[in-house]
Every structure is written in C-alpha cells, then in structure tokens.
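**Student:** got a sequence here, can you build the structure:
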Amino acid sequence: MKTNLADKWFSLYIRLRDSDENGYAHCSTCGAIKFWRDMDCGHFIKRQNMSLRFSEINCSIQCRKCNWLEQGNDIKFKDFLINKYGIDKYNLLLSAKNDTRKISTFEISEIAKYYKQKAVELAKEKGIKL
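**Tutor:** A predicted model of the protein is given here:
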C-alpha cells in the first residue's frame, strides 16, 4: 500500500496548522523557531503504527533535530501532548497504539485528497505559498 501522497499532504497540513501567518513555528518539543518548510511533522507514536499515522492529535511540528537526531524527543513530546490535549486524550492515544487495523488503498487515497484540500485552504487562509 502506497502512502506517499497521503504522507505528503498530511505532513504539509500539520506543519501549516502549527505555524503562524508568516510561516514560522515553535518546535513542539524544544521550542526552536523555524520556517515551516524547515521542520517536520513529528509523530509521538511512530509512523509505523498505521492506526495513528494520520492522527492529528498524535502529530505536531518538530524541528529536524528533535524528530531525527533525538528520535522524536519523546519525553518532551509527551509533556507537550498532555499540556495541549489533557491526560485523558493522551491516555486514549496510548490505548489506540495497540489497534492493528489496516488502512485500505482506497482510504489512503481519500486521506491524501482530504489533507490536500485542508492544506491548500489553510495556506490560502494564512497567505502562505506552497
């Protein structure tokens, strides 16, 4: 199952969602300020877990240092998620980690379309060029 387009548009949406009108954002784990194109869509529960790969709650903008070199900076990511969404949603996220549901090719295609539309609309709303 190919997820390239869905990953591309979902990542773009998360990075735009978490950036300001000038395209800058604070890394959710270390606080570094960078332009959205120079940052990643970090996954608290890693992307290999398909049931949470496209979860907006599971994802936030991260600098590449935290996402790659710090392997997600999970301790600070956990604190960020609890502060943003609360302990109950954090615990629900952890319980969903054990879901082994597969995502069909059709669903991946629909996810790509959905997040492409959301990303384009958000970029237009913020005045950010894609």
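**Student:** hang on, Leu35 packs against Tyr24?
**Tutor:** Quick fix: residue 35 reads Phe, not Leu. Yes - with contact defined as C-beta atoms under 8 Å, Phe35 counts as touching Tyr24 (5.9 Å). For every residue, glycine as well, the C-beta is placed using N, CA and C.
**Student:** quick check: chain neighbours aside, which residue is closest to the residue minimising distance to the centre of the chain?
**Tutor:** Residue closest to the average C-alpha location in the chain (C-alpha atoms, centre = their mean): Cys59, at 3.2 Å. Spatially, and ignoring its direct neighbours in sequence, Cys59 is nearest to Ile14 (4.9 Å; C-beta to C-beta, 6 or more residues apart in numbering).
**Student:** what about that neighbour, helix or strand, and which?
**Tutor:** Assigned by DSSP states H and E, Ile14 falls within helix 4-17.
**Student:** other residues contacting that helix?
**Tutor:** 25, 36-37, 39-41, 47, 53-54, 56, 59-61, 108-109, 111-112, 114-116, 118-119, 122-123, 126, 128, 130 (C-beta atoms under 8 Å, 6 or more residues apart in numbering).
**Student:** helices - which of those land there?
**Tutor:** Here DSSP state H is the test, and the contacts of helix 4-17 give 108-109, 111-112, 114-116, 118-119, 122-123, 126 as lying in helices.
**Student:** can you redo those residues as CSV with pLDDT?
**Tutor:** What follows is the ones in helices among the contacts of helix 4-17, written out as CSV (pLDDT from 0 to 100):
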residue, pLDDT
Ile108, 95
Ser109, 95
Ile111, 97
Ala112, 97
Tyr114, 98
Tyr115, 98
Lys116, 97
Lys118, 98
Ala119, 98
Leu122, 97
Ala123, 97
Lys126, 95
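**Student:** of those residues, buried ones?
**Tutor:** 108, 111-112, 115-116, 118-119, 122-123 (16 or more other C-beta atoms under 10 Å).
**Student:** which of those sits closest to Asp20?
**Tutor:** Among those, Leu122 lies closest to Asp20 (C-beta to C-beta), at 12.0 Å.
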